Structure formats: structure tokens, C-alpha cells
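Asks: next comes the sequence, and after it the predicted model I'd like to discuss.
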Amino acid sequence: MTEPETDPADDPLRRTELTFLLGWAFQLLLGEFTARVAAAGYPDLRPVHGLAFQALGPHGATAGELAVRLGVTKQAAGQLVDDLERRGYLRRTPHPAGGRRKLVVPTEAARRHLAVAGDLLRELERELAERLGADGAGEVERLRTQLARVVRELAGEEVPPLRPVW
């Protein structure tokens, strides 16, 4: 005996506030991503670490600049840098402008992690598209387009940092 088909409009999630739906979707994808990152050999890294590596960029930044880019305090950024430097993901080098400032740059280990993480994110998107059916890839692209529009509408040209609150 087969289950009777239900009308997608009857799904109670369709009546749920957008903020909650976005939060659940983010939480579910992030949880799966974090598990896959750990399984890929990075059990010691959390999403905030990947955000820090990306915020530093290939040329690095000062700890103060990292704090601004992550939207955290200078103290929090300094603690993050200290921790990741001890674990071999970041290193401090003399700042090109001289003085006492230090440039924080990702190591090869951080760059490898970013490459693996990027591959895993793309894999998750492909799998999501497959689960959505025949036009899944199109649905994912439409979702990306609509979410980009929402972000631009709310933030304008100055997109704020994605704050690592998880």
C-alpha cells in the first residue's frame, strides 16, 4: 500500500516564518558540512576557523583587521589567531609597513583546509540539487539568486561580516 500524496501547500513549514526556515536550513547544512570536514581530516576545525582563513585572504591581515572582517572584538580575534597559530594554521610575519604590527597569514595547512572545505560545500550543493529532483540544480540557482537579492536589499552594497556565532 502506498502513502497518499500530500499537497506541499499543506506542509506546516510553508506557514513558518522565513527567519526560522533560513535558520533551520543553515543549521542543517552547516551540521552536515562540519561532520564532513571532520571526516576529511579536520576534526579540530570549526566553521569559524574557515571564516577566519577566508577573512585573512591570501595576503593576510593584522589581528585588528581580522576582528573587523569577522565582526568580533580585537581580543576575540587575537585569541583565535593565537590558537590557530599554535596548531599550525596561521603564522605571524613582520608587517610590510614596518613598526610593531604583525601580519597574520594562513599557512599551507589552512589553504589545504579551504580547498577541501570548498569541495565539500560544492558537493553538498550538488547533493541538495539531486534530492530536489529533475530541476534541482535550477532550484538551487534560483534560491541563490533570491537570497543574494534579499541580502542586497537588506544590506545594500556594504554586506556585513558573517558573524561566527555558532
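Replies: Right, received. Where do you want to start? Here the structure is a predicted model, which means the values were calculated and not measured.

Asks: use CA for all of it now, contacts and neighbours both
Replies: Fine.

Asks: ok but Arg163 is inside a helix, no?
Replies: No. Arg163 is assigned coil when assessed by DSSP: H, G, I helix; E, B strand; the rest coil, not a helix.

Asks: quick check: the gap between it and Arg69.
Replies: With distances taken as Cα to Cα, to the nearest Å, Arg163 is found 9 Å from Arg69.

Asks: more neighbours: which of the two?
Replies: Arg69 (20 against 12; other Cα atoms under 10 Å).

Asks: in PDB, list the C-alpha atoms belonging to the strand or helix carrying Leu120.
Replies: Element membership for Leu120 (DSSP states H and E) is helix 108-131. Output of helix 108-131 as PDB, limited to C-alpha atoms (Å, rounded to 0.1, in the frame of the first residue of the first chain):
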ATOM      1  CA  GLU A 108      49.700  25.800   3.700                       C
ATOM      2  CA  ALA A 109      47.600  23.700   6.100                       C
ATOM      3  CA  ALA A 110      44.900  26.400   6.200                       C
ATOM      4  CA  ARG A 111      45.000  26.700   2.400                       C
ATOM      5  CA  ARG A 112      44.600  22.900   2.100                       C
ATOM      6  CA  HIS A 113      41.600  23.000   4.500                       C
ATOM      7  CA  LEU A 114      40.000  25.800   2.500                       C
ATOM      8  CA  ALA A 115      40.300  23.700  -0.700                       C
ATOM      9  CA  VAL A 116      38.800  20.700   1.000                       C
ATOM     10  CA  ALA A 117      36.000  22.700   2.600                       C
ATOM     11  CA  GLY A 118      35.200  24.400  -0.800                       C
ATOM     12  CA  ASP A 119      35.000  21.000  -2.400                       C
ATOM     13  CA  LEU A 120      32.700  19.700   0.400                       C
ATOM     14  CA  LEU A 121      30.400  22.700   0.100                       C
ATOM     15  CA  ARG A 122      30.000  22.300  -3.700                       C
ATOM     16  CA  GLU A 123      29.400  18.500  -3.100                       C
ATOM     17  CA  LEU A 124      26.600  19.400  -0.600                       C
ATOM     18  CA  GLU A 125      25.000  21.800  -3.100                       C
ATOM     19  CA  ARG A 126      25.100  19.100  -5.800                       C
ATOM     20  CA  GLU A 127      23.500  16.500  -3.500                       C
ATOM     21  CA  LEU A 128      20.900  19.000  -2.400                       C
ATOM     22  CA  ALA A 129      20.100  19.700  -6.100                       C
ATOM     23  CA  GLU A 130      19.800  15.900  -6.700                       C
ATOM     24  CA  ARG A 131      17.400  15.500  -3.800                       C
END
